[in-house]
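Q: just a sequence and a predicted model for now, questions to come.
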Protein chains: 2
Amino acid sequence: MLDLADDVLPYPPSETDPDRRGKPFVASVGKCFQVLKAFRRGQTELRQRDLGLSEICKLSGLDKSAAQRFSETLVTLGYLEKDLGTRRYRPGIALIDFYYTFMVSHRLAQIAMPILIEASKVYDTTVNLCEMEGTDAIYTVRIPQARASYGTMLAGRRVPAFCASPGTVMLAHMPEDEADAVLAASDLRKITEYTLTDIADLKAQMAEARRLGYHVSNQQSQIHNVSTAAPVLLMDGRAVAAVHIPGYAPQWNLESVHEKLVPLAVDTARRISDSLTDAM
Amino acid sequence: MLDLADDVLPYPPSETDPDRRGKPFVASVGKCFQVLKAFRRGQTELRQRDLGLSEICKLSGLDKSAAQRFSETLVTLGYLEKDLGTRRYRPGIALIDFYYTFMVSHRLAQIAMPILIEASKVYDTTVNLCEMEGTDAIYTVRIPQARASYGTMLAGRRVPAFCASPGTVMLAHMPEDEADAVLAASDLRKITEYTLTDIADLKAQMAEARRLGYHVSNQQSQIHNVSTAAPVLLMDGRAVAAVHIPGYAPQWNLESVHEKLVPLAVDTARRISDSLTDAM
DNA sequence: GAAGAAAGTATCGCATTGTGATACATAGTT
DNA sequence: AACTATGTATCACAATGCGATACTTTCTTC
């Protein structure tokens, strides 16, 4: 049994982040998001979508009263649903609204979408767009193929940047001190036996990605998965995103990925970069 | 100039909804979501993604102090970003997390996804899955095609149920009193010149959709757009969702839609229904 | 099926926390 | 430069959220 009581994220970052000190902060709001985040933790750590009140307590770090208050508040607002039979809570459909709110205003995604769709048709593969958020690469646009697994079709998925090809190329095309800060803040644990966890190795890998303009990750974040990523660059050479094309075995191997998916990813990323700079 | 000060949604539904009376409710949480919703209103009513503080005030119904407190709180939490140059706020990438949280646990979407992807390849069209939320049909899964417009590719989009084909079929396959309640709560305004707004007409249309098992909407929610929808049914005959396939002119007309897209939508919806009942 | 444990719900006095009027600072306009 | 609008900071008050406690219901265990 996992111990969930410990290591709950500190929810008022206003205290820890120097940029945010002194800014007004409403603690109740932070707590309500702790409750919503509890459901994500519940999915990864407990493998269940519904949470009872006491599970919310453990996963969110709130006491029973607070967990109840915020859970019921979120039910009233439609962001959680409650099964009156089991008395358990689950994420509510209204949560989707915020995805739309973000995406509608996201110029990069708007420009990238048609280009990604075209790219997905070349070899009938999944094609993704990733962006950095903290120490994670987060998938913002995904063009899915039927054979992929459900979890890897969904936008919003996070992967630690250090061990996934989109993360590698984005870190590589980033001011070095920023990249170092991300690595320093990352939890460098092995995901598969091929995951690199040594800072020197990671930096060498990043240097190579910078030189080549792409990166192919060989089973570092997922076994039997050789995936390609190429950076979407602004004029100043900074990466704002990465195009990611996973190659699943047995259909793809290291050779065929290099021959076909690498050029596709690089070209797709460059087309997005071009459209992006044209639009400015 | 639109008048935004009025008709801001009442944010503590705990007062109005009899089911929720007496439940604990944290007002600050409600207000923070008013701020997030302000961005959606801003997009539709002001056609801009960034909002200044005073715009947030008007769109959210909060006073200046409150708008500042909650906006800064949301920045600290990563759900809003602030441009320090213009001092304007915009939706933050962390909002995507909640989409993932909801979708990962959404069995219907999980089952439907591969079936929808296959369907999209038959005629190389967009294929969507819609579900009811209040008086709206909300798109939860969308398999996009390059030629569609960006806004119609995004999950989370809402359309009034009464005037869109997915809404019509879902209302048609719903207990009549519930459907009546939705119509009664809807704002029956004409979206295009073809939009039906008379309750009797709408009910006749629903009856036909129930009889046929599908519905084709001819330019009722969007001009030059003939779109098809078929219901995803549970064993008891209730609709839990709708498969929606838009046919854009000039590629599609009323005849070709009936000949090709209708059978595809009906078949796709039935396959999802079957998988759904098998899984239970 | 009774006893016990665990999970969920309701209550309520206290003081912490959010409130919002006011004043101040900065950016944009005429 | 004067003015207006918009954004930021301050602060005393009391409303609001807090959380210990008690109560109720549901699930185990024997």
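A: Looks like it came in fine.
Q: just for chain A, where's the confidence low?
A: Along chain A, the model assigns pLDDT under 70 to residues A:1-22, A:220-221, A:280.
Q: check contacts around the residue in the stretch 1-150 of chain A that DNA strand C sits nearest to.
A: Relative to DNA strand C, the nearest point of the stretch 1-150 of chain A is residue A:52 (2.4 Å; C-beta to the nearest atom of the strand). Using the backbone N, CA and C atoms, a C-beta is placed for each residue, glycine as well. Listed by C-beta atoms under 8 Å, 6 or more residues apart in numbering or on different chains, the contact set of residue A:52 reads A:86, A:87, A:88, A:89.
Q: near DNA strand D, from these?
A: Restricting the contacts of residue A:52 to those touching DNA strand D (C-beta under 7 Å from any atom of the strand) yields residue A:86.
Q: same list (the contacts of residue A:52) but as a markdown table, adding neighbour count and distance to DNA strand C.
A: Converted to a markdown table, the contacts of residue A:52 look like this (neighbours: other C-beta atoms under 10 Å in any protein chain shown; distance: C-beta to the nearest atom of the strand, whole Å):
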| residue | neighbour count | distance to DNA strand C |
| --- | --- | --- |
| A:86 | 10 | 8 |
| A:87 | 10 | 4 |
| A:88 | 17 | 6 |
| A:89 | 26 | 8 |
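Q: sorry, back to before: for the residue of the stretch 1-150 of chain A closest to DNA strand C, give its distance to residue A:98.
A: Using C-beta to C-beta, to the nearest Å, residue A:52 is found at 25 Å from residue A:98.
Q: which ones are touching residue A:210?
A: Applying C-beta under 8 Å, 6+ apart, we find residue A:210 in contact with A:172, A:173.
Q: go on, residue A:224?
A: Here residue A:224 is in contact with A:248, A:249 (criterion: C-beta under 8 Å, 6+ apart).
Q: mind doing that once more with 10 Å?
A: By C-beta atoms under 10 Å, 6 or more residues apart in numbering or on different chains, residue A:224 lies in contact with A:192, A:247, A:248, A:249, A:250, A:252, A:253.
Q: helices of the stretch 151-280 of chain A, residue ranges please.
A: A:165-172, A:176-185, A:199-212, A:254-256, A:262-278 (DSSP state H, counting those that start in this stretch).
Q: now tabulate these in CSV and tack on distance to residue B:162.
A: As requested, those are exported to CSV (distance: least, C-beta to C-beta, whole Å):
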stretch, distance to residue B:162
helix A:165-172, 42
helix A:176-185, 49
helix A:199-212, 52
helix A:254-256, 51
helix A:262-278, 38
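Q: who wins for proximity to residue A:121 among those helices?
A: helix A:262-278 (10.6 Å; C-beta to C-beta).
Q: CA atoms only for that closest one - export them in PDB, please.
A: What follows is helix A:262-278, C-alpha atoms only, in PDB (Å, rounded to 0.1, in the frame of the first residue of the first chain):
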ATOM      1  CA  VAL A 262      13.000  11.900 -38.400                       C
ATOM      2  CA  PRO A 263      12.700  13.800 -41.700                       C
ATOM      3  CA  LEU A 264       8.900  14.100 -41.200                       C
ATOM      4  CA  ALA A 265       9.300  15.500 -37.700                       C
ATOM      5  CA  VAL A 266      12.000  17.900 -38.700                       C
ATOM      6  CA  ASP A 267      10.000  19.100 -41.700                       C
ATOM      7  CA  THR A 268       6.800  19.400 -39.700                       C
ATOM      8  CA  ALA A 269       8.500  21.400 -37.000                       C
ATOM      9  CA  ARG A 270      10.100  23.700 -39.500                       C
ATOM     10  CA  ARG A 271       6.800  24.400 -41.200                       C
ATOM     11  CA  ILE A 272       5.300  25.300 -37.900                       C
ATOM     12  CA  SER A 273       8.200  27.500 -37.100                       C
ATOM     13  CA  ASP A 274       7.900  29.300 -40.500                       C
ATOM     14  CA  SER A 275       4.100  29.800 -40.200                       C
ATOM     15  CA  LEU A 276       4.700  31.100 -36.700                       C
ATOM     16  CA  THR A 277       7.200  33.700 -37.700                       C
ATOM     17  CA  ASP A 278       5.200  34.700 -40.700                       C
END
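Q: what about it and chain B, touching?
A: No. Using C-beta under 10 Å from any C-beta of the partner chain, we find that helix A:262-278 stays clear of chain B, coming within 12.7 Å at best.
Q: I'd like the distance between the residue of chain A found nearest DNA strand D and residue B:203.
A: Relative to DNA strand D, the nearest point of chain A is residue A:65 (3.2 Å; C-beta to the nearest atom of the strand). Remark: distance between residue A:65 and residue B:203 (C-beta to C-beta) = 47 Å.
Q: now swap in residue A:277 and tell me
A: 53 Å.
Q: those residues of the stretch 1-150 of chain A touching DNA strand C, which are they?
A: Residues of the stretch 1-150 of chain A lying near DNA strand C (C-beta under 7 Å from any atom of the strand): A:24-29, A:52-55, A:64-65, A:68, A:87-88.
Q: which residues in chain A form strands?
A: A:80-83, A:88-91, A:127-133, A:136-143, A:158-160, A:215-218, A:225-233, A:239-248 (DSSP state E).
Q: for residue B:165, which of those is the nearest?
A: The closest of these to residue B:165 is strand A:136-143. By C-beta to C-beta, the value is 24.7 Å.
Q: wait, residue A:172 sits on residue A:238?
A: No. The criterion here is C-beta atoms under 10 Å, and residue A:172 misses it with residue A:238 at 11.1 Å.
Q: which of these two has more neighbours?
A: Legend: neighbour count by other C-beta atoms under 10 Å in any protein chain shown for residue A:172 and residue A:238, higher for residue A:172 (25 against 14).
Q: do you know how far that one is from residue A:213?
A: Taken as C-beta to C-beta, the span from residue A:172 to residue A:213 is 9 Å.
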